[in-house]
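Student: Give the three-dimensional model of this entry:
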Amino acid sequence: MSAITTRLTRSSLLEVLGQDFIVTARAKGLSESVILYRHALRNALIPVVTIVGIQMGHLLSGAVIVETVFGWPGIGKLLADSIEARDIPMIQGCVVFIAAMFSIVNLLVDDSYRFLDPRVKYGEKLCLILDYVLGIRAFLLE
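Tutor: Next up is the predicted model:
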């Protein structure tokens with residue numbers, strides 16, 4: 001997981017460092033660290049955040065196999081045991097929980113785009129929903 005993220009970060013950063021706004025920032029006389037962290041890395045992290053969000057979904061789906069094989073307690077082992085026992089309400093609860101976690105991760109990924117790229121604007125209604133459901137947007141801004 002970290003190797004893919006590191007490779008993607010490097011390739012995305014190299015692509016962003018060749019763009020015109022980086023040349024303009026260098027022409028303005030900004031230091032390399034300011035250019036790298038404030039301008040380039042922020043734009044390079046957009047595809048990285050997307051891939052990390054997708055990988056979180058794979059981690060949730062892989063929990064069933066890993067926890068069953070190694071006998072670790074968790075939602076995956078609970079789901080596998082419930083399938084063996086044919087406990088339908090427990091299976092439904094586990095599936096709903098995993099789906100809710102996947103949806104929350106995707107919502108966080110989509111919301112993080114606004115912090116990484118100032119060009120991304122969402123409607124005010126979506127921002128109110130994010131504030132109400134998650135309650136973390138104000139925390140991230142502080």
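
Student: can you pull out the helices in the chain?
Tutor: All helices of the chain, identified by DSSP state H, fall at 2-17, 20-28, 32-34, 41-70, 75-85, 88-116, 124-133, 137-141.

Student: Of the ones you listed, which shows the lowest average pLDDT?
Tutor: The weakest mean pLDDT among the helices of the chain belongs to helix 137-141, with a mean of 50.

Student: tell me the contacts of residue 72?
Tutor: By C-beta atoms under 8 Å, 6 or more residues apart in numbering, residue 72 lies in contact with residue 66. Just so you know, the C-beta spots here come from the backbone N, C-alpha and C atoms, and that holds for glycine as well.

Student: do the one 5 residues further on as well
Tutor: Residue 77 makes contact with 64, 67-68, 71, according to C-beta under 8 Å, 6+ apart.

Student: Using TSV, lay out those residues together with neighbour count.
Tutor: Formatted as TSV, the contacts of residue 77 follow (neighbours: other C-beta atoms under 10 Å):
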residue	neighbour count
64	19
67	19
68	17
71	7
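
Student: Residue 78 versus the residue of the chain positioned farthest from its centre, what's the distance?
Tutor: Note on the chain: the largest C-alpha distance from the chain mean falls to residue 85, namely 34.2 Å (C-alpha atoms, centre = their mean). Distance of residue 85 to residue 78, given as C-beta to C-beta, to the nearest Å: 10 Å.

Student: Could you do residue 117 as well?
Tutor: Between residue 117 and residue 78 the computed distance is 39 Å (C-beta to C-beta).

Student: try residue 14
Tutor: Per C-beta to C-beta, residue 14 is found 44 Å from residue 78.

Student: Could you do residue 112 as well?
Tutor: Taken as C-beta to C-beta, the span from residue 112 to residue 78 is 30 Å.

Student: so who does residue 9 touch?
Tutor: 44-45, 48.

Student: How about the contacts made by residue 43?
Tutor: 16, 19, 116-117.
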